[in-house]
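Novice: What follows is a predicted structure for the sequence shown.
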Amino acid sequence: MSEEQVRSLEKQFDERIERDEKIEPKDWMPEKYRKTHIRQMSQHAHSEIVGMLPEGNWITRAPSLRRKVALLAKVQDEAGHGLYLYSATETLGISREEMYEQLHTGKAKYSSIFNYPTVTWADMGTVGWLVDGAAIINQVPLCSTSFGPYARAMVRVCKEESFHQRQGYEIMLKLCKGTPEQKDMAQDALNRWWWPSLMMLGPTDAESVHTEQSMKWKLKRKSNDELRQQFIDQTVPQADILGLSIPDKDLKWNEERQSYDFGEINWDEFWQVVKGHGPMNKERIKARVNAWEGGEWVRDAAMAYASKNQERKEKQAV
Amino acid sequence: MSEEQVRSLEKQFDERIERDEKIEPKDWMPEKYRKTHIRQMSQHAHSEIVGMLPEGNWITRAPSLRRKVALLAKVQDEAGHGLYLYSATETLGISREEMYEQLHTGKAKYSSIFNYPTVTWADMGTVGWLVDGAAIINQVPLCSTSFGPYARAMVRVCKEESFHQRQGYEIMLKLCKGTPEQKDMAQDALNRWWWPSLMMLGPTDAESVHTEQSMKWKLKRKSNDELRQQFIDQTVPQADILGLSIPDKDLKWNEERQSYDFGEINWDEFWQVVKGHGPMNKERIKARVNAWEGGEWVRDAAMAYASKNQERKEKQAV
Amino acid sequence: MNTNLYNYILGIADNSLILGQRMGELCGHGPNLETDIACTNISLDLFGQVRGYFQYAAKIANDGRTEDDIAMLRKERDYLNVLLAEQPNTDFAYTIGRQFLFDVYHLLFLTELEKSKDLTLSAIAKKSIKEVRYHQRFSSDWVKRLGDGTEESHSKMQQAINDLWTYTDELFHQTEADKAMVEEGIGVDVTKLKKDYYEKVSTILEQATLEIPESKYFQKGGKEGIHTEHLGFLLSELQYMQRAYPNMDW
Amino acid sequence: MNTNLYNYILGIADNSLILGQRMGELCGHGPNLETDIACTNISLDLFGQVRGYFQYAAKIANDGRTEDDIAMLRKERDYLNVLLAEQPNTDFAYTIGRQFLFDVYHLLFLTELEKSKDLTLSAIAKKSIKEVRYHQRFSSDWVKRLGDGTEESHSKMQQAINDLWTYTDELFHQTEADKAMVEEGIGVDVTKLKKDYYEKVSTILEQATLEIPESKYFQKGGKEGIHTEHLGFLLSELQYMQRAYPNMDW
């Protein structure tokens, strides 16, 4: 293709996006669009899969049958999200195996929040309330992103996520209405998860790359700092209802901005975790690699069986 | 060697045993003596090692620090017994690896009592009280058996075993003086371990093989049934002190015999367990095989290191 | 309270409770995403059934205990599940084998329980049958895939079936509570399921190119609360929160 | 009560408690009989020390709690051991690596603690030093054997050291209780042990032909009761009996 032709295609492509038309897998797309989407969508899928681990950690120890059932259902949903996000990404010409390979070798990232340990039951509350809460803020705009399969996947994901968030908040409510010990547990979990949740919305705008291009492709509608502010403004009143204190002495309502001012985020910690040195990075990847490598013989068996079955059918057909 | 020479050696050998002299590893001995001792001593060593497992099962869950320390010490003693019983057996010209091989493939036996599960803490009491109790009855006569290394090992073993037995009995005492729940736990454990303990003293004399020869070699001083009667007569009054009932409706004092009559033993169960089909046979062997196979790389490393070190020393010496 | 009915319900519910707990352990660690989802789903179904049974048991006991108290605050000797249910997730072949050997029984059992005079049990059974039919399809399919897959998977699947086989006979033992409930037209006569069970299991194993174990020796005890050494560890996790934080709502 | 002293003792004792528990898990499963005995022995020594510390802590708390209550009835967030101690027995190289990285610290620490103004702590330290010297010899020897053994053992040992290294820095963090106790001449200033520690560790690693990890990133949190996900499971076993059968004598 001549350079001119490419430019013309690019122009049409940009216009389609401008008009809010969806890009579908078979449509022509710039290589950079494809790559960016593979990166972001697979990262998103990985986050769902790795995100199963911190919550999976409490399944066997859930304090009541009702909570156990809800937790199982939630983690199962996450696996489901992973599944259709991987499928959506595969439409861009990358296999699930390649994506796993990238995850296992550290080439692909996942949401760094999942590198924190879930140390008490209350963490099941904060993960739902804060982590899913921040995720929704990140994800709702993606329901109208330009790439069709991603947008459609996100519609489904967001619906379930908001259910999960309510479920997490309800765990917190119950704890906060419970014994002093339970309320302490809730406060302690908030103390540990608050700052990582703020970091979840990404580096400050000053340090954020890809933003402009992502805005154009509707992969992003607001800047990280805007999203973070939105999260804080939404979450602080929820904490008030719970009777919990946000662990930030600089947090206060700014009448003029009609928004909360808040303290300095420890970006060193953020980058340390992103670079693979958070409390649970190694464990998370190890768990995924162990599951994958330990399951190889199972997948091999399934393939062998399928091809034997195929042969049998073909023989019968002859 | 001529047949006549052999007969003469055998005669001298029998006379030495008759005179209560100890046979030492370097002494001439009949092949059958060697083989019988290898069989019995390695079986004894295996019993110590496999016997670590049912008690090891409760180390992480011992109810108090004092009990945890005592249990660790006890299991460590058993490992120690295994160690010097293996060493004593090695003097007869078999390697520890060969003995393990026999254990792992089911060629060598171990005391079948260890094929029952330890399901509650009270089992730590009954194992000490009954199982070590029965073991002592089996073993005390061995302190004066004819093969020197075995006899000397048994002196040490018996001393420690009787300490273990007291320790087990003390666990029972504490439970029986405790809450009704604790006393129930003790009674339940007695119910489960009583019959297997009686079986531990071996098949009835009618079905017992090797006995006559073993008597001559002082590997055995009393018949299984005599030992069993001794165990029962000694144990019933101990149960009375605990306030526990022996789970045998036919058990009663026989004034004439000055001994307890007791009910029918379920020998089908005994043979099922001996043949490898007890509740825990597979698990026990699996645990030993896993430890051994999983530890192969460690043992290889130790050997490699030792030979490197040896080479280094030799080089320095040059 | 009707002790026989109470114990009868516990016997049924504990199977689902303990097996559900075992399946829950795997969540996030399956050989691929699809099996991970399926195993979690089985766990979810089983715990759903458990809630139904224990809510009913709590009603019968009528002593202030809740479904959670009954599920999580008994002692190890008071759990009445069959030994099969508590066997560990040694590898995926064991997980599948355990599930398969239980599912076939479970479906036969529920099909009979649906006919119970006890309307609550009948209703739970009716709802559960649909779920368990899916479980059985899943586990049977995987027994076939692994049995008739590669050499390695065949040998692992055979090993698992051989080891787990010893726990199948217990499924058909009758406890005192069983007998009393059969008499009243409430319970299922499990002895009558045995023939169908081994036929169904054998058919699948044959399709999976696996040998049907011939052992005459079986283990039992779970129904009387005498378990393998695995159960205690499972319970220490299951009960942890209820034990460490007693009398609280969650 | 003297809260700082109480917390200070807990910080010391919890290390031995949790590490002792980990070593106890291995009992009967070692790579050979000699190491099995040695690991059990280390566990035994550590629990012996634990008893000394907790009996003293119980005396200071003076609120009716026993050594067992303190050892087994706290919540997960109240255990103050370093993260290193709770790391699992992934394989024998991890077990040895964890032991080695702790032993070197432990010996340096106890040598200083023996000089404490607090005579009880000094006495426990004195008694423990002999034991820990043996532990260090055992673990160092095995680090060398595995590091300088076969290719496989070298790679496993290196992997274990790399993974565990991240938990070493925490050993030298000071808590509030630490600082207060140092001030009073009771506690050990752990920051001063750091240099000797890394020198000693490096010497052994070099002898073991292992590379000294260069990571600048370390994990901490244990001393503030924020643990890895491993601890909760360890505690569910450790506490099981005390939780399930409260207020009983054993």
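Specialist: It's in.
Novice: Would you mind measuring from the residue of the stretch 101-250 of chain A found nearest chain B to C:Arg51?
Specialist: Nearest to chain B, among the residues of the stretch 101-250 of chain A, is A:Val119, at 20.2 Å (C-beta to the nearest C-beta). Yep, even glycine has a C-beta here, placed from its N, CA and C like the rest. According to C-beta to C-beta, to the nearest Å, A:Val119 stands 27 Å off from C:Arg51.
Novice: Quick check: the residue in chain C sticking out farthest from the centre vs C:Leu164, distance?
Specialist: Within chain C, C:Glu151 marks the point farthest from the mean C-alpha position, 29.1 Å out by C-alpha atoms, centre = their mean. From C:Glu151 across to C:Leu164, the span is 21 Å (C-beta to C-beta).
Novice: for the closest residue to chain B within chain C, what are its contacts?
Specialist: Chain C approaches chain B most closely through C:Tyr217 (3.5 Å), counting by C-beta to the nearest C-beta. Listed by C-beta atoms under 8 Å, 6 or more residues apart in numbering or on different chains, the contact set of C:Tyr217 reads B:Gln272, B:Lys275, B:His277, C:Thr166.
Novice: measure the first one to chain C for me?
Specialist: Going from B:Gln272 to chain C by C-beta to the nearest C-beta, to the nearest Å gives 6 Å.
Novice: Quick check: that residue touching B:Pro279?
Specialist: No. In this structure, B:Gln272 is not within contact of B:Pro279 by C-beta atoms under 8 Å, at 9.9 Å.
Novice: Chain C: helices as residue ranges?
Specialist: Here chain C has its helices, by DSSP state H, at C:3-25, C:33-61, C:67-72, C:83-86, C:92-113, C:119-147, C:151-165, C:176-183, C:194-207, C:230-238, C:240-244.
Novice: and the second one, what does it pack onto?
Specialist: On a contact count with 3 or more C-beta pairs under 8 Å, 6 or more residues apart in numbering or on different chains; DSSP states H and E, helix C:33-61 meets helix A:65-90, helix C:3-25, helix C:67-72, helix C:92-113, helix C:119-147.
Novice: can you put those helices in TSV and add mean neighbour count and distance to C:Ser155?
Specialist: As requested, the helices and strands packed on helix C:33-61 are exported to TSV (neighbours: other C-beta atoms under 10 Å in any protein chain shown; distance: least, C-beta to C-beta, whole Å):
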stretch	mean neighbour count	distance to C:Ser155
helix A:65-90	22	29
helix C:3-25	24	23
helix C:67-72	22	37
helix C:92-113	24	9
helix C:119-147	20	10
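Novice: burial of C:Lys179, as a residue count?
Specialist: 15 (other C-beta atoms under 10 Å in any protein chain shown).
Novice: Determine whether any part of stretch C:133-149 lies close to chain A.
Specialist: Yes. With C-beta under 8 Å from any C-beta of the partner chain as the criterion, chain A is reached by stretch C:133-149 at C:Lys144, C:Arg145, C:Leu146, C:Asp148, C:Gly149.
Novice: With distance to A:Gln310 and pLDDT as extra columns, can I get those residues in TSV?
Specialist: TSV is the format used below for the residues of stretch C:133-149 next to chain A (distance: C-beta to C-beta, whole Å; pLDDT from 0 to 100):
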residue	distance to A:Gln310	pLDDT
C:Lys144	14	98
C:Arg145	13	98
C:Leu146	18	98
C:Asp148	13	98
C:Gly149	13	98
